[in-house]
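Colleague: model this:
(chains A and B, ligands or ions: 2)
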Amino acid sequence: MLRAIRHKSIHPAFCAFRAFSSAAKEMTVRDALNSALDEEMSADPKVFLMGEEVGEYQGAYKITKGLLDKYGPERVLDTPITEAGFAGIGVGAAYYGLRPVVEFMTFNFSMQAIDHIINSAAKSYYMSAGQISVPIVFRGPNGAAAGVGAQHSQCYAAWFAACPGLKVLTPYSSEDARGLLKAAIRDPDPVVFLENELLYGELFPVSAEVLDSSFCLPIGKAKIEREGKDVTITAYSKMVGYALKAADILAKEGISAEVINLRSIRPLDRSTINASVRKTNRLVTVEESFPQHGVGAEICTSVVEESFGYLDAPVERIAGADVPMPYAANLERMAVPQVEDIVRAAKRTCHRSVPLAATA
Amino acid sequence: MSLSATKFVHPITTPPTSRSSDKPLFSTFFGSNHTKLRFNKPIVAAQRRSSSAASTSFSPVVAVSSDVVKEKKLKSASNLLITKEEGLVLYEDMILGRFFEDMCAQMYYRGKMFGFVHLYNGQEAVSTGFIKLLKKEDYVVSTYRDHVHALSKGVPAREVMSELFGKATGCCRGQGGSMHMFSKEYNLLGGFAFIGEGIPVATGAAFSSKYRREVLKEPGADEVTLAFFGDGTCNNGQFYECLNMAALWKLPIVFVVENNLWAIGMSHLRATSDPQIWKKGPAFGMPGVHVDGMDVLKVREVAKEAIERARRGEGPTLVECETYRFRGHSLADPDELRDPAEKAHYAGRDPITAFKKYLFDNKLASEQELKAIDKKIDELLDDAVEFADESPLPPRSQLLENVFADPKGFGIGADGKYRCEDPKFTQGTAHV
Ligand SMILES: Cc1ncc(C[n+]2csc(CCOP(=O)(O)OP(=O)(O)O)c2C)c(N)n1
Ligand SMILES: [Mg+2]
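Modeller: Ligands and ions are numbered 1, 2, ... in the order given. Here you go, the predicted structure:
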C-alpha cells in the first residue's frame, strides 16, 4: 500500500521551488545524497565514509555508488558487521580532527551503536568543556520500510532528538537531501541524518542553485512547502509527501492547508511553526513513529506554550500505531499514517462537526 | 596468512601445542579420536582492492569425530554412519528445506510474500545435521535466515508458509514475518533480524536450563540450546561476550557458525583478521571444531558429540560449518560480487546431491524411495501454499494485541475492549 501511494503521488512540492530561479532538472534523492557525499569528499580530504557494504557493494541502497572507485578504499571503508565498534571508531576519529560519515545500513542497527552516539559523540563537547568537538555524521535510512516486520521498521527521530548534543536532520526532497547532508558534514557537531528508504528512488525538481557545489541548507530551519491559511500541517521525511497530498485533497474541498517540512527535528524551528499556527489557528502534526513522547508531542507543547491563545481547535496528532510494526500487509497499513488520516484530522480542526475519533 | 608460532592452548584438557600454518591442527574436542576430515580450501575471491585485506587462505584444519561414533562404527558390520531409517529422515528434512525455499522464491515473485526473504539453499546439511538430533524440548535460536531451522525443528510447513503470506494461521499470526519465526511449542526462540542478537538470547536459554536443573532442582531440565548464525556475525562483539560467559558458566549450548563465506557482499576474508572462526572456541575455554558443512553426516557426527557434551553438563562448543548459500543474500540481492567460479565450486558440493550419492553407494536407499520422498514433499508444499493462500488475513482487532502480556492501560478502553475494535477508531488518527 505504501508503495502504491508513493508511486501515484505527484509532488505538489513543485510549486514550492518558485523561490529558485529555475526548476529545469530533476534528481532522485539517492543521487542527491550521492552527489553531496561526493562533493564534500572532494572538497575536504578529512571526510571519509565507513559502514557495512558502502564500498564494493556500492551501498546496500546504492547511496555510495561510485565513491570507492573515485576515492579508494582508504576513504571508503567497508566495515565488518560491528556497529558498536565502527561507530565508536568514527567518534574517536572525529575527536582527533577527521570528519567521518558513518553509514548505518538502516538506523535500526544503530541501536547496537547507541552508546557511542549518545555517550561518546553527543556528550564529549560538554564534558570536555568545549575542548573536544565531534564533527561526525551518522546517516542511513530510518522509519517504516515495507513488509520487513517489527525490527526493521521503526522511526528513531524522537529517540535521537531527545538527546542534548545531537543535531537531528530529516530530509524529504532531493533539495533537502543535498543541502542538509552538506550542512551536516560541514557542521562541527554530531549529526544524526535520518533518510528514508522509500524516498531514495523519488524524483524531485532541483534548481541550478541546488545543484551548485556550494549549496548548503541551514540546520534548524524548517521549510514551508506549501502556503495556506486554514490549517498548519507539520511533517518530516516521507510524511511531508503525504501531507502535501492531503493538502491537495483538502484544497479541492475548500480548505487551504499550510504544509511545513520540518527538515530539522533538533534544533526544532519553533518560530516557523508558531508563526504558521498564529496565522492558521489550527495544527495537525504528522509523524510515522510512535505517538508517545514523540515529535508531535514536542510541537504541540511548543504551540501550547507560545501560541495557546491563537488556537481555534484542539491540535491533532497523527502518528504510527502504538505497537511494534506488524508484518502482515493489511496490519502494516493500519499501523502507519495514511493520507486519509491527515485529511480527516485537518477537516476536524476546521469543522468541529466532524466527530472526533476516540481520543487517546 | 602467517600463523606461524601461534601458541594453541587448549584451556581444559590438553597441554599447549604449537603449530605452524601448514600442519594440520587437531582440535581438542572432548573424547576425540582425532580422525582427520580434510576440507577443500575455499576459493579465495580475487582481492579487488586489497588495502587492508590480507591475501589469506585457510590452513588445513581438522574436525574430530567422537568415540561414540567410532564405537558405533565398530559395532556396525557395514561400517556405516547411519541406519537406513536415519538416512531417509535426513534426506527428507534436507529436501523439505530445499523445496520449501524454492517455493518461497516463487511466491515472493508472485507477490504473496514481501519484504526481505533470506533463503537457505545450499546450507541444508547444517540445519538437518544438527537439529534432527534434538529433542522437542531443546531450543533453537536462529537469525533472519530462519525458515529451514523452523522446519527442521518441526514447525509445520503450513504454519511457516502462512506466516510468510502474512496470514492469521501463521506460526506468529502474521505478526512476525520471514525474519521472525517463533514457536513456543517447538522451542524455536526466533527469528532475530539483527546481527549477533540471537547469540545472547540463546545463551540465556541455555542459562535457564542450567538454572532450572541446579537451582530449581528440576531433574529433567537437560535441554540443549543451539545458536545458529553466520560468519559475518562472528565479527560482532556479542559473539565474543557470549563465548566467554557460556564457557565461564559451563552452559549447555552449541554455537553453530554457518560460514557461507559471505555477509551480503562482504567476503569473510575481507571482514575478519583471522578467518578460522572455530579457533575462537579454545581461546575462550571451549572446544572449537571445523566441519564440512556440505556433508550432512560429518555435521551430524560433530553435532552429536557437541550436543551430548552440553547435555552432560560439560559446557559449550563452537562449531564452524563450512557451507555456501546458493542464492543471493536475500531475494532482493543482485548477488554481483561472488565469483562464478566460486559458486560453481560449491554447486558441485551440493549437500543433497552428495548425500543422495552416499545413500545409493551404500545401498541405503533406492531411486524410487527418494523419488517418493520428493513427491511427498512436493505435495506437502502444495498443500502448505494452498493453506496459506486460503487462510484469512489477520483481523483488524489483532493490531493492538500482544504488545503486552498484561495490556491493562494500553490500547484498552474502559469497557475492556481493544480500542481498535471501537468503530470510531478508523475515523481518526492511527494512534490509539
Ligand atoms: C546489527 C545489524 N547490522 C546489520 C545488519 C544487516 N545485515 C543483515 S544480514 C547481514 C550479513 C550477515 O552475514 P552472515 O552473518 O555471514 O550471515 P548470512 O547472511 O551469510 O547467513 C547484514 C550485514 C543487521 N541485520 N543487523
Ligand atoms: Mg555468511
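
Colleague: make it CA atoms for all contacts and neighbour counts henceforth
Modeller: Fine.

Colleague: next structured bit after the strand or helix carrying B:Val302?
Modeller: Element membership for B:Val302 (DSSP states H and E) is helix B:296-311. Moving toward the C-terminus from helix B:296-311, the next helix or strand (DSSP H and E) is strand B:317-322.

Colleague: Report the distance from the helix or strand that that following strand is followed by to the chain centre.
Modeller: Sequence-wise, the next helix or strand downstream of strand B:317-322 (DSSP H and E) is helix B:340-347. In terms of CA atoms, centre = their mean, to the nearest Å, the centre of helix B:340-347 is set 22 Å apart from its chain centre.

Colleague: Only the buried residues of helix B:340-347, if you could.
Modeller: Across helix B:340-347, burial judged by 16 or more other CA atoms under 10 Å in any protein chain shown covers B:Lys343, B:Tyr346.

Colleague: Report the mean confidence score over it.
Modeller: Averaged over helix B:340-347, pLDDT sits at 97.

Colleague: Could you name the helices and strands sitting against the helix or strand following that helix?
Modeller: Next along the chain after helix B:340-347, taking DSSP H and E as the criterion, comes helix B:351-361. Contact partners of helix B:351-361 among helices and strands, from 3 or more CA pairs under 8 Å, 6 or more residues apart in numbering or on different chains; DSSP states H and E: helix B:84-109, helix B:124-131.

Colleague: Need those in JSON lines (columns: mean pLDDT and distance to A:Asp269).
Modeller: Listed next are the helices and strands packed on helix B:351-361 as JSON lines, based on pLDDT from 0 to 100; distance: least, CA to CA, whole Å:
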{"stretch": "helix B:84-109", "mean pLDDT": "98", "distance to A:Asp269": "43"}
{"stretch": "helix B:124-131", "mean pLDDT": "98", "distance to A:Asp269": "54"}
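
Colleague: among those helices, which is nearest ligand 1?
Modeller: Relative to ligand 1, the nearest member of the helices and strands packed on helix B:351-361 by CA to the nearest ligand atom is helix B:124-131, separated by 11.8 Å.

Colleague: residues in contact with that closest one?
Modeller: B:90, B:93-94, B:97-98, B:140, B:148-149, B:152-153, B:258, B:293-300, B:303-304, B:321, B:351-352 (CA atoms under 8 Å, 6 or more residues apart in numbering or on different chains).

Colleague: cool, and stretch A:107-126?
Modeller: By CA under 8 Å, 6+ apart, the residues outside stretch A:107-126 that reach it are A:83-85, A:87-88, A:91, A:104, A:131-134, A:136, A:139-143, A:151-154, A:156, A:163-166, A:190, A:194, B:194.

Colleague: again with stretch A:287-299
Modeller: A:143-144, A:154-158, A:235-236, A:239, A:265, A:270, A:285-286, A:317-323, A:336-337, B:431.

Colleague: hmm, back to that, so which of the helices and strands packed on helix B:351-361 is the most surrounded?
Modeller: Of all the helices and strands packed on helix B:351-361, helix B:124-131 carries the top mean neighbour count, a mean of 28, counting by mean count of other CA atoms under 10 Å in any protein chain shown.

Colleague: pull the CA atoms of that helix into PDB?
Modeller: Provided in PDB are the C-alpha atoms of helix B:124-131 (Å, rounded to 0.1, in the frame of the first residue of the first chain):
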ATOM      1  CA  GLU B 124      20.600 -27.700   4.500                       C
ATOM      2  CA  ALA B 125      23.200 -30.100   5.800                       C
ATOM      3  CA  VAL B 126      23.800 -27.800   8.800                       C
ATOM      4  CA  SER B 127      20.200 -27.400   9.800                       C
ATOM      5  CA  THR B 128      19.400 -31.100   9.200                       C
ATOM      6  CA  GLY B 129      22.700 -32.400  10.700                       C
ATOM      7  CA  PHE B 130      22.200 -30.500  13.900                       C
ATOM      8  CA  ILE B 131      18.500 -30.100  14.500                       C
END
